[in-house]
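Trainee: next come a sequence and a model predicted from it.
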Amino acid sequence: MPDRQLSDAESAIPGRPPPLVRFASVSRRFGPVTAVDSVSLDIARGEFCALLGPSGCGKTTLLRMLAGFERPDEGRVLLDGEDITDVPPHRRAVNMMFQNYALFPHLTVEANVAFGLRQENMPAAEIRPRVADMLASLRLDGLEKRKPAQLSGGQRQRVALARALVKRPKVFLLDEPLAALDKKLRSETQFELRELQRKLGMTFIVVTHDQEEAMSMADRIAVMNRGSIVQVAPPRDVYEHPISRWIAEFIGEINLFEGVIDSTGPSGTWVDTPAAGRVHTPNEVPARKGDNAFVAVRPEKVLLAPFDSDPGAYNSASGTLVDVAYLGDTSVCRIKLDRGGFMRATITNARRRGGEPVAPGAHVALRWEPDSALVLVR
Amino acid sequence: MIVRRLSPFNLVSIALGLTFLYLPIAILIVYSFNDSRLVSVWGGWSLRWYRALLEDSAMLEAAFVSLRVAMLSATLATVLGTLAALALVRAGRFRGRLAFSAMVYAPLVMPEVIIGLSLLLLFVAADFSRGFWTTALAHTTLTMCFVTVIVQSRLLDFDRSLEEAAMDLGCPPLRTFFTVTLPLIAPAIVSGWMLAFTLSLDDLVIASFTTGPGATTLPIRIYSEVRLGVKPEINAICTLMIATVALIVVVASLLSKRYSSTQERRAALGGPPM
Ligand SMILES: Nc1ncnc2c1ncn2[C@@H]1O[C@H](COP(=O)(O)OP(=O)(O)O)[C@@H](O)[C@H]1O
Ligand SMILES: [Mg+2]
């Protein structure tokens, strides 16, 4: 589905910098499988862009078309205004970090990092300091003479980073860069990558199936599903304003209520839902009275209140608390609604002893501000 | 390594198996150091048959022919076999792939007599004078498929992303082959060469079809001498052959062990790209 940021000819507008990378309606088929289906995407210079989607949705294929390992069946790939669709991988000013890192097992760390510079016929006297700098800046000094097999997972990942970054590519592509790391190292590395990208001012495109990873690193997320890009927006917008039910459910937890549109306009939308009654949401949708729709509310935006308290301007539903999962920083409550269905609410455990009515079995009211809900028609 | 106590049954079967395989060889080796002229009578330890061998110029000549044939045919077979493996693994589905693979592997299952005979007919028809070159060619035909089997299995579990990484870093495809692919499949190629070498060294059947006057290989020489009666010198030359082959097998297995533990990849291969 076309998005505002994509379908444009905006780059032609004078005064606006042209995109560094442009995918112009690229498609790639493998036999009966359409891995990438007519994708258009512009990426600006210096941007940190994430391609996010479930496994098998075509993220890697899209990335490999930019690196030159897959030729699009249709469409063009442009780098810095130049059509590179037919340029072989070794002549493209982009570098890629492979999912399994693909370090050369027969070469030392130093030789791995120097490999790319040697291909440019750079004199050895120039290669050595550049490699040394790169290794030092990624805390790899002292490991120069080791082979990849003698490194830890985190060190291997940094060698792979160094090997690509030392080439100073126009665009740096990362395919699931953190997938092979353990959880703790992963969250540290997320911040390191972000910092590295800012420091270098380089354009990064990272492929991931992990929404948290995409949200914490990227300036902009392109959400993919079944070979198509379904939304391109900054992390906050993707989370707060998903444009379809699929995106809302893919990114984070969400409560959905089926309902029927009563009215929609610039002042918002009224939806009649069997589970939560008449609900007001702030967004206008391209639908008419009587159309089916979903009201979506994130669990952390739902407040638990005593059953008989006054709802005020809030939207509201009521139900019985079924269970409470204590997660340390937050607790997740599951509530069986009086009028059918279940709902989740997240409460923060800011105090050691909260006064919330959170004992299972309690009859509670669920409140959320009109601003917190969203109506989705797709 | 788990050391398990062997049951008596296992012990007996291992002992029987080893005896069956190695007793004849052990007897041959021991008798090569026999001082007696009679093959079946033990006359004490001695190196006299090895000394006699040094004076047997016909035997030495044959050994030299065999070594040259083995070297040349192993090298040719390695080049061709590696190319065939590359075609089978990398070229995708080309027309006639099945036929090609069947042709490559045919010598693996074909009786040697038939290979020998058909090559003889070919050489006669083509009016080649038989000798060193025809034997080397015939051995290349025989051993190429073994190289292909070994190299193909290495290529099948070769991580293609290594080649992509090299190209991504600016390395053109051909140079990628020489700087990344070849060093990583080198152990398989070397093992293939060694296997081809030993196969050629001990071939009697095909060589006797394809060789001619002036290019008598060692197995043919030994065989013709044995027909006149086993001389102790034969034991000595056979012991030397066993030693050569055993050495090669040990080197090959060490090589493959060393390379399969990725810890120990030779630094020498990491030289600058060409
Ligand atoms: N070389 C290939 N041959 C055949 N099918 C492929 C190939 N590469 C990818 N695919 C298929 O294309 C689809 C998208 O794959 P991919 O881009 O790797 O997904 P992702 O990286 O999002 O997990 C998958 O269905 C996959 O099976
Ligand atoms: Mg992938």
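Mentor: Sure, I can see it. Ligands and ions are numbered 1, 2, ... in the order given.
Trainee: what segments of the chain are helices?
Mentor: No chain in the question, so chain A it is. A:59-67, A:109-119, A:124-137, A:153-165, A:183-200, A:211-217, A:235-240, A:245-250 (DSSP state H).
Trainee: hm, I was asking about chain B
Mentor: B:8-32, B:48-55, B:57-90, B:97-109, B:112-125, B:132-156, B:160-168, B:173-176, B:182-201, B:205-210, B:218-227, B:232-260.
Trainee: dump those into a markdown table; add distance to A:P242, mean pLDDT and mean neighbour count as well.
Mentor: For every residue, glycine as well, the C-beta is placed using N, CA and C. Written out in a markdown table, the entries for the helices of chain B read as follows (distance: least, Cβ to Cβ, whole Å; pLDDT from 0 to 100; neighbours: other Cβ atoms under 10 Å in any protein chain shown):
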| stretch | distance to A:P242 | mean pLDDT | mean neighbour count |
| --- | --- | --- | --- |
| helix B:8-32 | 66 | 86 | 12 |
| helix B:48-55 | 87 | 85 | 15 |
| helix B:57-90 | 44 | 92 | 19 |
| helix B:97-109 | 49 | 88 | 13 |
| helix B:112-125 | 69 | 92 | 15 |
| helix B:132-156 | 44 | 92 | 23 |
| helix B:160-168 | 34 | 93 | 21 |
| helix B:173-176 | 43 | 92 | 15 |
| helix B:182-201 | 46 | 90 | 22 |
| helix B:205-210 | 73 | 92 | 23 |
| helix B:218-227 | 78 | 87 | 17 |
| helix B:232-260 | 49 | 81 | 16 |
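Trainee: among those helices, which comes closest to chain A?
Mentor: Closest to chain A of these is helix B:160-168 (Cβ to the nearest Cβ; 3.9 Å).
Trainee: so the closest one, near chain A or not?
Mentor: Yes: under the criterion of Cβ under 8 Å from any Cβ of the partner chain, chain A is reached by helix B:160-168 at B:S161, B:L162, B:E164, B:A165, B:A166, B:M167, B:D168.
Trainee: who touches the second one in this structure?
Mentor: Contacts for B:L162 (Cβ atoms under 8 Å, 6 or more residues apart in numbering or on different chains) come out as A:A102, A:F104, A:P105, B:V180, B:T181, B:L184.
Trainee: give me every residue that touches the fifth one.
Mentor: Spelled out, it's B:T181. B:T181 touches B:F158, B:L162, B:E163, counting by Cβ under 8 Å, 6+ apart.
Trainee: the residue in the stretch 251-378 of chain A that ligand 1 sits nearest to: what's it in contact with?
Mentor: In the stretch 251-378 of chain A, the residue that lies nearest ligand 1 is A:I251 (15.7 Å; Cβ to the nearest ligand atom). For A:I251, the contact set (Cβ under 8 Å, 6+ apart) comprises A:L52, A:Q211, A:M215, A:V223, A:V238, A:Y239, A:P242.
Trainee: before we move on, back to that, I'd like the helices of chain B as JSON lines, with distance to A:P266 appended.
Mentor: JSON lines is the format used below for the helices of chain B (distance: least, Cβ to Cβ, whole Å):
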{"stretch": "helix B:8-32", "distance to A:P266": "87"}
{"stretch": "helix B:48-55", "distance to A:P266": "106"}
{"stretch": "helix B:57-90", "distance to A:P266": "61"}
{"stretch": "helix B:97-109", "distance to A:P266": "65"}
{"stretch": "helix B:112-125", "distance to A:P266": "87"}
{"stretch": "helix B:132-156", "distance to A:P266": "63"}
{"stretch": "helix B:160-168", "distance to A:P266": "50"}
{"stretch": "helix B:173-176", "distance to A:P266": "59"}
{"stretch": "helix B:182-201", "distance to A:P266": "64"}
{"stretch": "helix B:205-210", "distance to A:P266": "91"}
{"stretch": "helix B:218-227", "distance to A:P266": "97"}
{"stretch": "helix B:232-260", "distance to A:P266": "69"}
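Trainee: kind regards, and thank you for your time.
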